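**Q** based on what follows, work out the 3D shape:
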Amino acid sequence: MTSRAALFAGLLASAVATASCGESVNAVPVTPVGPSSLSDLLLPRLNGLWGGDLTLIDVAGGTGAARNAGALACVGAAFAGVVGEVNYNSLAITQSGTDLTAKLVSESTGLACTYKGTIGSGTNLVMQAEACTPKTLTILCHPDPVTGVQEVRELDLVGSSLTASFDDPINVTQIRGTAAHTYNIKDEGALVAKHSFTNLTRR
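**A** Residues are numbered from 1 along each chain as shown. Alright, predicted model coming up:
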């Protein structure tokens, strides 16, 4: 009898030890690891390097009394003289969900602006510049017809925005929109130069 009791006790101890090494019947089931959300898979794919031509399409503002009269003075005239000019630009976009960071660089002028923004509810995006270099632009005015003095104007680039739309809600192949740069002219006013881009494609 004693040996049978000892055998039973040993089997019971073994069973308890085995159960303690396995999963508890009261344990919470392990959730399989997978995508946190399917929404990320349905976002437009904007990440990467894009490139294409930007065209100066409009200049708003000017300087001095001529600006108040509705005309353009030295700085405005300098910009107006190159409306229609086309320059190649590259746009490098980094995407995290709907948040975007980007850098727009002009191949011909060297102007580079770093932007932050977000994807809109449709096939569009809006970004504002965090910083631009070079920050100062120097304009050499035409000589005064009376005095012959040739004045110099310095423009401070105080802001830039980029608004755009793209051609597909997921597999984006083309970006089009407008980049607007705002300059302050010391003691004289402000000027906004607008550039359009109709076909930025992946590089």
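
**Q** going by C-alpha atoms from here, please, whenever you check contacts or count neighbours.
**A** Will do.

**Q** show me where pLDDT drops low in the chain?
**A** 1-39, 62-72 (pLDDT under 70).

**Q** just the helices in it please.
**A** Under the criterion DSSP state H, the chain carries helices at the ranges 2-21, 64-68, 74-80.

**Q** what's in contact with the last one?
**A** Contacts made with helix 74-80 from outside it, assessed by Cα atoms under 8 Å, 6 or more residues apart in numbering, are listed as 58, 59, 60, 61, 62, 63, 139, 141, 142, 153, 191, 193.

**Q** of those - the most surrounded one?
**A** Counting neighbours by other Cα atoms under 10 Å, residue 62 comes out on top of these with 28 neighbours.

**Q** for the closest residue to residue 159 other than its chain neighbours, list the residues it contacts.
**A** Residue nearest to residue 159 in three dimensions, not counting chain neighbours: residue 182, with 5.2 Å by Cα to Cα, 6 or more residues apart in numbering. By Cα under 8 Å, 6+ apart, the contact set of residue 182 is 157, 158, 159, 160, 190, 191, 192, 193.

**Q** show the contacting residues for residue 131.
**A** For residue 131, counting by Cα under 8 Å, 6+ apart, the contacting residues are 113, 114, 115, 159.

**Q** so where do the strands sit in the chain?
**A** Taking DSSP state E to define them, one finds strands in the chain at 48-61, 86-96, 99-106, 112-119, 124-133, 136-140, 152-166, 175-185, 189-202.
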